[in-house]
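Q: Sequence plus predicted model, see below.
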Amino acid sequence: MPVLLTYELEGAETSEHNRLQSLFERLGWENLGGSSYRYPRLGTTDQPVEDWLNHVVPALMLFRAAVLKSACGLKKFTLDVQSSSGYNKATNFGSGPLSGSAIKATKSKRKGKKLYSPNNPSFGERNLIDWLDEIDYPY
């Protein structure tokens, strides 16, 4: 059951769109065209439930941070969800929250990398892993 995100930025440069595409794709999202993304990728069958703690929430946090830091304005934004996610340590179901360096792509999408291989490599894998590892609880 997918998570669908669409947005429109006012005056965004191509490089900003490329970085956003890359960050979503590295976390396992599929670009549906333009500024529309879907998680999980269409046809993904090797994960039991959506991994919200390691693929959805971080992507949304990073998108929010990018919009706040950008000189562009957020003109439109939608997030549509029909999803099921969960984690149960006792039954080894799902995934608990992981450090950036421990998040991995599903086996069929690894291609020798830790995260998913994006169509556009503008947002570096190491930068994303470092960002994920540096998120801190404020107090």
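A: The structure has been received and is ready for your questions. Because the structure is predicted, anything quoted here is derived from the model rather than measured. Numbers count the residues shown, from 1 in each chain.

Q: Please make it C-alpha for all contacts and neighbour counts, starting now.
A: Noted.

Q: where does the chain dip in pLDDT?
A: Applying pLDDT under 70 to the chain flags the ranges 45-48, 106-113.

Q: what about the strands in it?
A: 3-10, 30-33, 36-39, 73-81, 87-88, 93-94 (DSSP state E).

Q: out of the ones you listed, nearest to residue 139?
A: Shortest distance between residue 139 and those, using CA to CA, is found for strand 87-88: 25.5 Å.

Q: partners of the closest one, with directions?
A: strand 93-94 (antiparallel) (DSSP bridges).

Q: So what touches the partner strand?
A: 48, 49, 51, 85, 86, 87, 88 (CA atoms under 8 Å, 6 or more residues apart in numbering).

Q: just stretch 4-24 next, same as before
A: 30-31, 35-39, 59, 63, 72-81, 118-123, 128.

Q: try 6 Å this time
A: 35-38, 72-80, 118, 120-123 (CA atoms under 6 Å, 6 or more residues apart in numbering).

Q: now residue 52, nearest residue through space, not along the chain?
A: residue 85 (6.4 Å; CA to CA, 6 or more residues apart in numbering).
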